[in-house]
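1. With the input below, show me the fold.
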Amino acid sequence: MTEIKAPGGEIAATSFALSATEDRMAMRLSCPAAQASTVGLLEEIEQEAARLGVTVPLEREPLQAALDRAAALGEDIVDLVIARGQTPQPPRDGSLEWAAPYFTVGFMIDPETKRIDFRQKAEELTVEKGQLLVRVHPPIDGRDGVDIFGRAIKVARAKPGAIRPGRQVIWDEKDQGYRAGCEGRIRFAGMVLEVDNVYHIAGDVGSATGNIKHNGHLIVDGNIEPDSRVECSGDFDVHGLIYASDIDCGGTLLVRSGINQTLAKRMRVSGDVVAKYIHNASLEVSGAVHVATEILQSRIHSLGTIDCRHGRIVGGEAVSAADIIVGEVGSRADARTTLAAGLHLGVMHRVQANLATIKQCAEIIRTLGPACKQAMSNSRALTAGQREQAMEMEFKINEAQETIAELEKQNQTLSREAYAGRGSHILILGTVHPGTVLRVYNAQQVVEESLVGPMAAVLDPVTGEVALTSEVETIMEKTHES
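-> All right, here's what the predicted structure looks like:
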């Protein structure tokens, strides 16, 4: 006789054993060969399964065949599946099928020199009027399942494709997709698909043109003269130089010559930055930064990779929420240069702002709490005016408590985002000069003497400190792929 347990914990004694799989989707039978020929065993198994709460019918024919075979061959039955639940069918979310490789990341590689051609991006953003841009495949809902004990297994609803129509895109019912409403450049940001018209300036941007504000892609054949202000919602292609100007770019900034800025001016770029060189600039970049020759005395904060692998970074600070790749760092004159990888300054600032607000709310609770508690405990003796004041204090306290709970929840999410930076690295292909500060996530190391690469600065998972390693083959392979 074998003891078995039902889901509720009760024990049954029988000549066979029934057991549910861990996921409760199948019932298994184990039975000695000597018992397989017992008269009425099949019915006894059914009764025992029902007593245990199994609601799905047993697979009688395969079960009877297994019992007959066990009795004939003298082989025990071990974990034979005799009943199955209904397996849930997962949903299939809606998806997007792009008609062309519009958003291919990276740049073209010169086949002869094997160097990145910073003037030729791999993406193909130019579209014609009426061109099919994307097909939108609808979501397909899944199907709930049921385990062998009759308990439902719910599946999530299918999500539609993450896309919304913006300017100059037209829905095509036949092809179930969007077409371009005009010639221009395709843009897909924040789930919104748009086609931007192109604004082309044949000369310089300066006193003759005035400040520029354009919703779309902007091309300037000349320079951006000092004290100009340029705003565009799309990509910004400058064939000349950018001098000391305020720049706000909603897409990728491509400067074919270079950037000669001053730290008093601000440059904000929502996409990538590609330039021959950057001097004395203050940049806030949501994408990656690609520089061909050098970054000099600049302050760059980027959410993507900072890539100056064929050049140098001298002075100032380069901060990336991802990785940094550079040829040479610092100079023989000991120019203090700070490189920081895996540091999401935007997240840190939001966390700090939330903490400041939490502190203010806690002070409100500390200040008003005792007075409010005392007033509410003796509310019948209060005048109408005092009761109104007490209710106002209670409202402010409740509001402060709700704000604290919400901001603490936000900080938990932000902390997880910041934690992702622990795996970032600084890859140095050439020389690191003294005075260089290498920071990865929340740890840093000051270089005291010249070091020759290639080397990588990474965060040691054991010590939590910055470690310099010459084993960079894997990292270099990843950078070549990117």
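2. Any stretches of the protein with poor pLDDT?
-> 1-14, 117-121, 345, 416-421, 474-482 (pLDDT under 70).
3. Roughly how far does residue 109 sit from residue 122?
-> Using Cβ to Cβ, to the nearest Å, residue 109 is found at 9 Å from residue 122. Using the backbone N, CA and C atoms, a C-beta is placed for each residue, glycine as well.
4. And this structure, split by domain according to the record?
-> Domain ranges of the chain: 2-84, 95-194, 200-345+423-481, 346-416, per automatic domain parsing.
5. for the first one, the distance to its chain's centre please.
-> A distance of 48 Å separates the centroid of the chain from that of domain 2-84, by Cα atoms, centre = their mean, to the nearest Å.
6. My guess is residue 346 contacts residue 303. True?
-> Yes. In terms of Cβ atoms under 8 Å, residue 346 counts as a neighbour of residue 303; the distance is 7.2 Å.
7. Spit out the residues that contact these two alike.
-> residue 321 (Cβ atoms under 8 Å, 6 or more residues apart in numbering).
8. These two: which has the busier surroundings?
-> residue 303 (19 against 15; other Cβ atoms under 10 Å).
9. ok, that one - contacts?
-> So residue 303 contacts 285-287, 320-322, 344, 346 (Cβ under 8 Å, 6+ apart).
10. Which PyMOL command selects the buried ones in these?
-> Buried subset of the contacts of residue 303, written as a PyMOL selection, criterion 16 or more other Cβ atoms under 10 Å:
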select buried, resi 285+286+287+320+321+322+344
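11. hey, C-alpha coordinates of stretch 17-27 in PDB?
-> Provided in PDB are the C-alpha atoms of stretch 17-27 (Å, rounded to 0.1, in the frame of the first residue of the first chain):
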ATOM      1  CA  ALA A  17       0.400   6.100  -6.400                       C
ATOM      2  CA  LEU A  18      -1.000   9.200  -8.000                       C
ATOM      3  CA  SER A  19       1.000  12.400  -8.200                       C
ATOM      4  CA  ALA A  20       0.500  15.700  -9.800                       C
ATOM      5  CA  THR A  21       3.400  17.300 -11.800                       C
ATOM      6  CA  GLU A  22       4.900  20.500 -10.300                       C
ATOM      7  CA  ASP A  23       2.900  22.700 -12.700                       C
ATOM      8  CA  ARG A  24      -0.300  20.800 -11.900                       C
ATOM      9  CA  MET A  25      -0.900  20.200 -15.600                       C
ATOM     10  CA  ALA A  26      -0.700  16.400 -15.500                       C
ATOM     11  CA  MET A  27      -1.500  13.500 -13.200                       C
END
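12. who touches that stretch?
-> 2, 4, 7, 28-31, 45, 48-49, 52, 54, 58, 79, 81-85, 87, 145, 147-149, 151.
13. out of the residues you listed, which are buried?
-> 4, 28-29, 31, 45, 48-49, 52, 54, 58, 82-85, 145, 147-149.
14. The closest residue to residue 424 other than its chain neighbours: neighbouring residues, count only.
-> Counting by Cβ to Cβ, 6 or more residues apart in numbering, residue 424 lies nearest to residue 342, which is 3.1 Å off, once chain neighbours are set aside. Other residues within reach of residue 342, judged by other Cβ under 10 Å, total 26.
15. Likewise for residue 437?
-> Counted with other Cβ under 10 Å, residue 437 comes out at 17.
16. how long is stretch 431-446 end to end?
-> Stretch 431-446 has its terminal residues 14 Å apart, counting by Cα to Cα, to the nearest Å.
17. mind listing the strands for the stretch 1-150 of the chain?
-> For the stretch 1-150 of the chain, the strands defined by DSSP state E, counting those that start in this stretch occupy 2-5, 11-14, 17-20, 26-31, 77-84, 95-98, 107-109, 116-121, 126-127, 132-137, 145-146.
18. before we move on, back to that, quick one: the residue nearest to residue 424 and residue 426 touch, right?
-> No. Using Cβ under 8 Å, residue 342 is not in contact with residue 426; the gap is 9.1 Å.
19. Pull up the overlap in contacts between those two.
-> 323, 440.
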